[in-house]
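1. structure for the following, please:
(chains A and B)
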Amino acid sequence: MPTLVETIVSKHLRSSVAAGDEIEELPVDRLLVNDVAAVQLVELYREVKDLNPEPFDPSSVFVVLDHVVPPCDSMIADNLYRTKQFARTLHLNLFKEGQGIEHVLLPENNLVKPGDILLGTDSHTCTNGAVGCFAFGVGITDALFVMFTGIFYNFIVPETVLLTCSGSLQKGVYAKDLILYVLSHLDQKKVLNKVLQFSGSVFASMPLDGMLTVCNMTTEISAKTGIMPYKMKEDLKADVADRFTFDISQLEPYVAVPHSPLNGKSVTEIDVEITKAFLGSCTNSRFSDLQVAASILKGKKVKDTVDLYIVPGSRKIYEQIQEEGILSTFIQAGAVILPPNCAACFGKHMGVLGPSDVCISSANRNFVGRMGSKDARVYLASPATVAASAITGTITDPREVLP
Amino acid sequence: MKIDGIALIVGDDVDTDLIIPTFALQKSRDPRTFADYAFYHTIPGFKDVPEKIIVAGHNFGCGSSREEAVFALLFADVKAVLAMSFAPIFKRNAFNNALLSVQIDTSGIKKNDTLTIDVDRKTVYDTATGEDHTFTLTAAEETLIRQGGLLPMLRKRLASR
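-> Next comes the predicted model:
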C-alpha cells in the first residue's frame, strides 16, 4: 500500500509510483519564494530573460517579504525594491512587508491544500506538510526552473519513515517539546532524505498550530520533509522504510541545547541563566503560541536582566492578540513587540545576539552563529518555556509557573 | 573528465550557516563575493587555500536551503565535495551548479592528501594511500555535471517552446 507522499505523487502523474522511482518531470502546484532567496533568483532570471519566459501559473507563485523586513540597510532596501518589481512584472502573488512569515501565511490563508505539491526556497517549507501536502525546500535554480515550467526536474520518490506518537501530552508540554524529543531520539542516518509521516492519537487531538510546529522541524534532521494525514486517509500498513513509536505520555518540557536542534534534553536537567528570550519564527509564532505565553506573563514582569522579543507570525495574528488583550499583557510585562517577520531567528536584524548572550528561543535552529555571534548560546524550547524563563531569568520549567 | 585537488577535512553535520553565515547573505548581488565569507567562523583563510576538495563526514550541508552556500564554495576554488552523506537540499543545489558532490567512505582520507576524481570511471583516487574509492551518480547528476548545471537545461527548454 502506498504512503501519503506516494499517493500524492501518483495522483499528480496519473500512474502509480513507489519509493525509489525516478520521475523525469514532477508537476508542481505551488511555488514559494522569500525575500532572501529572491535576491539571487532575480539575478538568475536575467540569464533567461531574453527568452521571454512566463510563469507557469502566476497566481500559484507566492513571493513573501518576511526575512529581513523592514530593511535594516540600503542594500537590502534596494533588494526588496527589485524583488517587488520582479513580482509585479510577472504578476506573481506578492505579500508585502509586515504581512507575515511565509509558513504562517500559507496555511492561515488556505493557500496550500491536502494533496498539493508545494516547493519553496526555504528549508522550512516542510512546515506545510501539516496540512497534508507534499512540501519541501529547494534552492533558487530549481525554483527558477519550476517558476517557468511548472516542473521539478528529475525527482526521485523518497522513502517514508512512519513515526507513531502514542499517549497524550501532559499540562505544560506542547508540540514543540514533542518534536524536540523525537528529533533527539531518532538516528539521523535512518531518516536522511526520507519523509517523516506522523501518526498516532496525540495528533488526532492536536490543533493545526501544533502540527505545523512538528512538521516545521523535520528539516533539522535532514529529512526530505514531514507530513500529517490532515483530512486524508492514512494507510498504516503502507510499505515504509522504517517505523518508530514514541510514548509521549510521560514527556517533560524539552530544550535543545547548543549547538544543534537535535541536542534535546529535559528542561529539568538544565540550569542556565539567560540574557535574551525570543518568541517568534515559523516554528512558534501562531495565535495559540502567543496565547499560552500570555497566560504565563499575565500580571508578571520580564526579569530586569532579560530582553524578551515577541514577534507575531502574521498581521492576522497581530490583530487577534490585540482583540484578545494579549498584546496589552505583553506590553505590561515589559516585552519588546516586533512586527511580523523572521527577526532574530534569521540572525540578521531585530535582536541579533552578541558574544555574551544566552538566548532561550521558540525558533528552530541553534547552530553556531545562527542568531548572530558565533559565541552566543541558543537554547530551543516551547513558547511556554520561553515565557517562563523570561520571567525568572533562568531556563525554567513552565509547569512551575503555569496558572 | 577528471578533477584534481587537495583534501581539506571537515567533520559531521556541517550546516549551511557554517558554510556561509546569514550576515553575508544579501550583502551583494554578485554571487562571486560569497567566497569571501566561506567558513567565515571556523576556517580562517578558506578562500585562499588553492584547488581544494572538501572531505566531510555525515550530513554535509544540513540546515538552510541557501544556494549561496554552493556559490561560496564554487568561487572559493572548491573543486568537489566528498562526504559520508549529504543533506538533500544542499546536494541538489550543488549538482544544479555542477559542483560534484559524491558519497564515499571518507574516513581514510587525510588532510592534504592529493585526490583525483575520475567522473568517467566514478572513482576517487587518493595518491597518499593508493586507495581507489568508487561512487555512483544518477544519469541526471552526470548530465548536470557535464552540461554545467541546470540553467543551460532551462534555457534549452525555454528556447524550444
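2. point to the helix or strand of chain A where mean pLDDT is at its lowest.
-> Counting by mean pLDDT, DSSP states H and E, the weakest-scoring helix or strand in chain A turns out to be helix A:201-204, with a mean of 92.
3. residues in contact with that helix?
-> Identification of contacts with helix A:201-204 by CB atoms under 8 Å, 6 or more residues apart in numbering or on different chains yields A:C165, A:S166, A:G167, A:S168, A:L169, A:L178, A:M211, A:V214, A:M228, A:I248. From N, CA and C alone the C-beta is placed, and that goes for glycine too.
4. please export the C-alpha coordinates of that helix as PDB.
-> Extracted in PDB, the C-alpha atoms of helix A:201-204 (Å, rounded to 0.1, in the frame of the first residue of the first chain):
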ATOM      1  CA  SER A 201      -3.500   9.500  19.000                       C
ATOM      2  CA  VAL A 202      -1.700  12.700  20.000                       C
ATOM      3  CA  PHE A 203      -2.200  14.200  16.600                       C
ATOM      4  CA  ALA A 204      -5.900  13.500  16.500                       C
END
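5. including secondary structure, could the contacts of helix A:201-204 go into TSV?
-> Shown next, in TSV, are the contacts of helix A:201-204 (DSSP: H, G, I helix; E, B strand; the rest coil):
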residue	secondary structure
A:C165	strand
A:S166	strand
A:G167	coil
A:S168	coil
A:L169	coil
A:L178	helix
A:M211	helix
A:V214	helix
A:M228	coil
A:I248	coil
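6. all helices for chain A, in order.
-> Counting by DSSP state H, chain A has helices at residues A:4-13, A:35-45, A:74-89, A:102-108, A:140-149, A:175-185, A:188-191, A:201-204, A:208-216, A:287-297, A:315-323, A:326-333, A:383-392.
7. of the contacts of helix A:201-204, which is the most crowded?
-> Highest neighbour count within the contacts of helix A:201-204: A:V214, with 27 neighbours (other CB atoms under 10 Å in any protein chain shown).
8. and the gap between the closest residue to it other than its chain neighbours and A:E319?
-> Spatial nearest neighbour of A:V214, excluding adjacent residues (CB to CB, 6 or more residues apart in numbering or on different chains): A:I179 at 4.7 Å. Distance, A:I179 to A:E319, using CB to CB, to the nearest Å: 28 Å.
9. which of those two has more residues huddled nearby?
-> Neighbour comparison, A:I179 and A:E319: the larger count goes to A:I179, with 32 against 13 (by other CB under 10 Å).
10. rewinding a little: with respect to chain B, which of the contacts of helix A:201-204 is nearest?
-> A:V214 (18.4 Å; CB to the nearest CB).
11. hmm, that closest one is touching A:G226, no?
-> Yes: the pair A:V214 / A:G226 is scored as a contact, 6.7 Å apart, by CB atoms under 8 Å.
12. shared neighbours of the two, anything?
-> Contacts common to A:V214 and A:G226, judged by CB under 8 Å, 6+ apart, are A:A130, A:F198.
13. pull the longest strand from chain B.
-> If you go by DSSP state E, chain B has its longest strand at strand B:2-9.
14. distance from the helix or strand that it is followed by to the middle of the chain?
-> On the C-terminal side of strand B:2-9, the nearest following helix or strand under DSSP states H and E is helix B:16-19. Centroid separation between helix B:16-19 and its chain, computed with CA atoms, centre = their mean, to the nearest Å, is 13 Å.
15. buried ones in stretch A:178-185, by neighbour count?
-> Across stretch A:178-185, burial judged by 16 or more other CB atoms under 10 Å in any protein chain shown covers A:L178, A:I179, A:L180, A:Y181, A:V182, A:L183, A:S184.
16. quick one, what contacts A:P55?
-> Listed by CB under 8 Å, 6+ apart, the contact set of A:P55 reads A:V61, A:L90, A:H91, A:L92, A:M147, A:F148.
17. let's go with 10 Å and repeat that
-> A:L31, A:V61, A:L90, A:H91, A:L92, A:V146, A:M147, A:F148, A:T149, A:G150 (CB atoms under 10 Å, 6 or more residues apart in numbering or on different chains).
18. the fourth one against A:S60, yeah?
-> Right, the one you point to is A:H91. No: in terms of CB atoms under 10 Å, A:H91 does not count as a neighbour of A:S60; the distance is 11.4 Å.
19. which stretches of the stretch 301-403 of chain A form strands?
-> A:307-310, A:336-337, A:358-361, A:377-380 (DSSP state E, counting those that start in this stretch).
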